[in-house]
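Student: let me see the structure of the following:
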Amino acid sequence: MHNTINQGSYALKSHQDPRTVILAFRGDYAFLSNFAPCTVILPAEGNLPAMIFNSTEQAYMAWKTLDLDVRKAIQAATPGEAKRMTHEDGFPLRPDYSDAGRLAIMLELNRQKYSIRNPELRKQLLATGHALLIEGNDWGDTFFGFSFIDGWGHNHLGRILMQIRDDIRAYIHSA
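Tutor: Presented below is the predicted three-dimensional model:
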């Protein structure tokens, strides 16, 4: 999918896709943000226990380290504080940190976010219909989002959410 967004007009071209476009996970669509409150569990790995988090942002930031004490500090923080913690000098980043790992855990956490564990969020995601979901941002995230500053982005979070929405819809229709 090739997207171009003109920041001034927020016009979008996507292979002449006629779908509705959600350009940012704010306002009525804030529930799509990783900062939105929800219950998710960061799975146990190695000698680290499973941990419950109040947002996908906190769980994802905790996944970035294998230090249990740091994970606990992230668990107690707000989503914004958790994100800032991982950008501090000396943050103990996990040695196997990779784009593939980032995508896998983000998919897992968002599958939980929109599971029957969080029925209202699941309903809201389905209510986006067939809209193109773009995690447009002004902080320069071009991996999970589309940076309005840089004028491009991979939009992996938007793609993950559309995949989950399609999977839920397929499951409902097959039941």
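
Student: return the distance of residue 100 relative to residue 90.
Tutor: 25 Å (Cβ to Cβ, to the nearest Å). The C-beta positions use only the backbone N, C-alpha and C, and glycine is treated the same way.

Student: actually, residue 78.
Tutor: Distance of residue 78 to residue 90, given as Cβ to Cβ: 21 Å.

Student: more neighbours, these two?
Tutor: In terms of neighbours (other Cβ atoms under 10 Å), residue 78 is the more surrounded of residue 78 and residue 90; the figures are 13 against 5.

Student: is residue 64 in contact with residue 86, as I believe?
Tutor: Yes. Using Cβ atoms under 8 Å, residue 64 is in contact with residue 86, at 5.4 Å.

Student: please enumerate the shared neighbours of the two.
Tutor: A shared contact of residue 64 and residue 86, defined by Cβ atoms under 8 Å, 6 or more residues apart in numbering, is any residue touching both; here these are residue 93.

Student: comparing the two, which shows the higher neighbour count?
Tutor: A count of neighbours by other Cβ under 10 Å puts residue 64 above the other of residue 64 and residue 86, at 21 against 17.

Student: for the more buried one, what are its contacts?
Tutor: Contacts were defined as Cβ under 8 Å, 6+ apart; by that measure residue 64 touches 86, 91, 93, 94, 97.

Student: measure the last one to residue 30 for me?
Tutor: Which is residue 97. In this structure, residue 97 lies at 28 Å from residue 30, with Cβ to Cβ as the measure.

Student: in the chain, what residue spans correspond to helices?
Tutor: All helices of the chain, identified by DSSP state H, fall at 56-63, 68-76, 79-86, 99-113, 119-126, 156-174.

Student: just put these in JSON lines and tack on distance to residue 133.
Tutor: As requested, the helices of the chain are arranged in JSON lines below (distance: least, Cβ to Cβ, whole Å):
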{"stretch": "helix 56-63", "distance to residue 133": "15"}
{"stretch": "helix 68-76", "distance to residue 133": "26"}
{"stretch": "helix 79-86", "distance to residue 133": "19"}
{"stretch": "helix 99-113", "distance to residue 133": "11"}
{"stretch": "helix 119-126", "distance to residue 133": "9"}
{"stretch": "helix 156-174", "distance to residue 133": "4"}
